[in-house]
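Student: all I have is the shape, not the residue letters:
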Ligand SMILES: Cc1cc2nc3c(=O)[nH]c(=O)nc-3n(C[C@H](O)[C@H](O)[C@H](O)COP(=O)(O)O)c2cc1C
């Protein structure tokens, strides 16, 4: 039997993938958008809906970055509301382990798991930067090298809280008047360098016991954290070569932690453009890329590497002849991208060589390097590509990020999903009621 593909839908958020300027784009914040999107994902029998998180609005050159959509409503509130209008779709929320507390996060996830009948998942991210931290009571207190240490103990602590109820404590025997059959229900005590808490956890055991755990960091430490503790990884490696390298690296780490290869799913983020034919899709993809990278967006991307105000430059002209500024202080604040550009001088050199060889303007270079769609083609091509990638262990499935909110998922659901089902590599109905069951993961 071929490997079964997992599919999920990322509600597009604050980055240039989302084309808010397209006439087909709707609100990214009204509940009706979330409902339409979630119901499309469930119609397609997707495993789950995914929400990313940003805890501070991005800024660049001292102003709010408003070339992309701005604003992100609270994850738990949105997912809880979606639980009421969906039945089988998993609900995955990205929640930071740096700025929150285990007790509050555990009760929010346990509550979401109850309200959704066992469909909650937590993407544990470890953002630490002082800029984001200014919004929180602890400020930017956490040194970068301690973020995974805190994440690890944070997760362990929440597991202790989830496990503080076994699930059989509530007797609620009306005849005898006994509600609780175990006076110790929910009792916990945890002490380590980050958390020293004890008491009673106040949410009885939820349908999944523990939410499904995702991880999204890409460093060595992040990969080890995933291999030791996560059920799935949200990665950015959606091409065949990069996907296979990441897949074998991370799956190879599992044995160190006494786990088997099927205990951790690798689910890269992926974008797509579908047309009636491959040629039409290629043309559409070209248009989408130009929508995603306006001249102004191209300059802002370049500033993230050059780390200086480049607004006086012409996006249709050549790259600046000045070098990037190397400094701890970045003109772009609150964007993961900044951390991806670890060696700006090397990137600038590489980009200069590429622009010169191909005769690219700033905008053309940014379109080329920053905005590739993962899957472009007719429905048959896209279905065959995804099937091949999953069968050749570049991934266990994909978390799809459409470029239009909220209708962007429809072409995939209506035209690609049926072809995957015909190939016998994607479900025609949900196997179980909980997300853990649908992902094929063991109960915890
Ligand atoms: C694909 C991917 C998606 C991520 N999504 C988020 C997010 O939505 N919110 C967030 O605060 N951090 C996000 N992160 C950041 C990670 O949690 C982590 O803080 C960052 O990647 C640095 O860790 P690393 O050095 O292990 O990569 C994401 C990272 C990756 C690779």
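Tutor: Okay, I see it. A quick note: this is a predicted structure, and the numbers were derived from the prediction, not measured.
Student: setting the sequence-adjacent residues aside, check what's closest to residue 348.
Tutor: Nearest non-adjacent residue to residue 348, counting by CB to CB, 6 or more residues apart in numbering: residue 324, 5.2 Å away. All C-beta atoms are positioned from the backbone trio N, CA, C, and that covers glycine.
Student: can you check residue 334 too?
Tutor: Spatial nearest neighbour of residue 334, excluding adjacent residues (CB to CB, 6+ apart): residue 58 at 4.3 Å.
Student: list phi and psi for the one you found.
Tutor: Dihedral angles of residue 58 (phi, psi; degrees, to the nearest 10) stand at phi -70, psi 150.
Student: what's the answer for residue 96, then?
Tutor: Residue 96 adopts backbone torsions of phi -70, psi 140, taken as degrees, to the nearest 10.
Student: next up, the contacts around it.
Tutor: When contacts are counted by CB atoms under 8 Å, 6 or more residues apart in numbering, residue 96 touches 53, 55, 125-127.
Student: near the ligand, which of these show up?
Tutor: Contacts with the ligand within the contacts of residue 96, counted by CB under 6 Å from any ligand atom: 53, 125-127.
Student: can you redo these as a markdown table with secondary structure?
Tutor: A markdown table is the format used below for those (DSSP: H, G, I helix; E, B strand; the rest coil):
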| residue | secondary structure |
| --- | --- |
| 53 | coil |
| 125 | strand |
| 126 | coil |
| 127 | coil |
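Student: quick one: which of those is nearest residue 385?
Tutor: Nearest to residue 385 out of the ones next to the ligand among the contacts of residue 96 is residue 125 (CB to CB; 28.6 Å).
Student: look up how far residue 148 lies from that closest one.
Tutor: According to CB to CB, to the nearest Å, residue 125 stands 11 Å off from residue 148.
Student: over to residue 129?
Tutor: Residue 129 sits 15 Å away from residue 148, going by CB to CB.
Student: how many neighbours does the residue found closest to residue 116 once you drop the neighbours it is linked to in the chain have?
Tutor: Among residues not flanking residue 116 along the chain, residue 83 sits closest, at 3.8 Å (CB to CB, 6+ apart). Here the number of neighbours of residue 83 (other CB atoms under 10 Å) works out to 20.
Student: when you give positions from now on, start the count at 858
Tutor: Taking 858 as the first residue, the last one we looked at is residue 940.
Student: and residue 940, what is it in contact with?
Tutor: Applying CB under 8 Å, 6+ apart to residue 940 gives the contacts 948, 969, 972-974, 976.
Student: now swap in residue 913 and tell me
Tutor: Applying CB under 8 Å, 6+ apart, we find residue 913 in contact with 988-989, 991-992, 1191.
Student: can you name the residues of this structure that neighbour the ligand?
Tutor: Selection of the chain residues close to the ligand by CB under 6 Å from any ligand atom yields 909-910, 951, 953, 982-984, 1073-1076, 1078-1079, 1091-1093, 1126, 1193.
Student: the same query, at a cut-off of 8 Å, please.
Tutor: Counting by CB under 8 Å from any ligand atom, the residues of the chain close to the ligand are 870, 909-912, 951, 953, 980-985, 989, 1004-1005, 1072-1080, 1082, 1091-1093, 1125-1126, 1193, 1196.
Student: just the buried members of the residues you listed?
Tutor: Neighbour-count burial (16 or more other CB atoms under 10 Å) applied to the residues of the chain next to the ligand gives 870, 909-912, 951, 953, 980-985, 989, 1004-1005, 1072-1075, 1078-1080, 1082, 1091-1092, 1125-1126, 1193.
Student: restricted to strands, list those residues.
Tutor: Using DSSP state E, the members of those that fall in strands are 951, 953, 980-982, 1072, 1091-1092, 1125-1126.
Student: in the residues you listed, find the pair that's most separated.
Tutor: The largest separation in these, counting by CB to CB, is between 953 and 1125 at 21.2 Å.
Student: quick one on the thing from earlier: now the common contact residues for residue 982 and residue 1005.
Tutor: Here residue 982 and residue 1005 have residue 1074 as joint contacts, going by CB under 8 Å, 6+ apart.
Student: next up, the contacts around residue 1042.
Tutor: Counting by CB under 8 Å, 6+ apart, residue 1042 touches 1021-1022, 1026, 1057, 1061.
Student: swap in residue 1059?
Tutor: Residues counted as contacts of residue 1059 (CB under 8 Å, 6+ apart) are 964, 1043.
Student: and it, how close does it get to the ligand?
Tutor: Distance of residue 1059 to the ligand, computed by CB to the nearest ligand atom, to the nearest Å: 27 Å.
Student: look up phi and psi at that residue.
Tutor: Backbone torsions of residue 1059, given as degrees, to the nearest 10, read phi -100, psi 10.
Student: cool, and residue 1294?
Tutor: Dihedral pair for residue 1294: phi -60, psi -50, per degrees, to the nearest 10.
Student: per-residue confidence at it?
Tutor: On the pLDDT scale, residue 1294 is placed at 97.
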